[in-house]
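K.L.:
one predicted model, sequence on top.
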Amino acid sequence: MRSSIGFVTLAVRDVAKSRAFYEALGLVASERSRPDLALFQMNGLVLALASHAVMRRERGVGPATRRGTGSVTLSHNVRAAAEVGGLLDRARWAGGRVLRDAGAAPWGGTTGWFADLDGHVWEVVYNERVILDAKGNLYLEPPGVW
């Protein structure tokens with residue numbers, strides 16, 4: 001596993017309100033955003049806001065959240081679909097718990113999910129629509145566009 005994170009996804013109660021909040025702070029939502037998912041290009045990674053329903057569906061488990069706390073998913077992007085299963089196997093071998101085996105994602109990529117020793121959730125994802133530079137930094141658009 002490279003030392004990189006491509007997406008930080010925050011599970012939110014209301015994507016539209018949360019999107020408006022971050023836009024009010026000066027962030028610009030990507031055109032790839034949709035009603036249940038807002039995407040913001042940051043410096044080398046993407047901040048994503050997803051509804052709790054989307055997170056439950058994609059993780060295959062319900063996030064344990066209470067008022068005043070949140071649910072975060074760390075996403076690690078790989079360069080090939082076959083790498084997803086391999087990294088999940090490594091996580092399992094290291095003592096992690098695989099939450100969802102590698103498989104097709106509803107948006108067309110390949111994903112799998114694991115929890116680390118403390119229960120922090122990671123998504124391993126292959127998405128041919130994003131750009132990974134030589135260092136593993138992730139971009140929604142070519143660098144310099146935003």
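P.N.:
Received it, and whenever you're ready, just let me know what you need.

K.L.:
who does the strand or helix carrying residue 50 pair up with?
P.N.:
For residue 50, the element it lies in under DSSP states H and E is strand 46-51. In the sheet, strand 46-51 lines up against strand 7-12 (parallel), strand 37-41 (antiparallel) (DSSP bridges).

K.L.:
could you tell me the least trusted of those?
P.N.:
Among these, strand 7-12 carries the lowest mean pLDDT, at a mean of 87.

K.L.:
and the contacts of it?
P.N.:
18, 45-52, 55, 63, 65, 70-75, 77, 123, 125, 138 (CB atoms under 8 Å, 6 or more residues apart in numbering). For glycine as for every other residue, the C-beta is placed from the backbone atoms N, C-alpha and C.

K.L.:
what's downstream of that strand, the next helix or strand?
P.N.:
Scanning onward from strand 7-12 (DSSP H and E), the first element met is helix 15-24.

K.L.:
ok, back up a step: take the strands paired with strand 46-51 and write them to JSON lines, including mean neighbour count and distance to residue 129.
P.N.:
Shown next, in JSON lines, are those (neighbours: other CB atoms under 10 Å; distance: least, CB to CB, whole Å):
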{"stretch": "strand 7-12", "mean neighbour count": "20", "distance to residue 129": "13"}
{"stretch": "strand 37-41", "mean neighbour count": "21", "distance to residue 129": "11"}
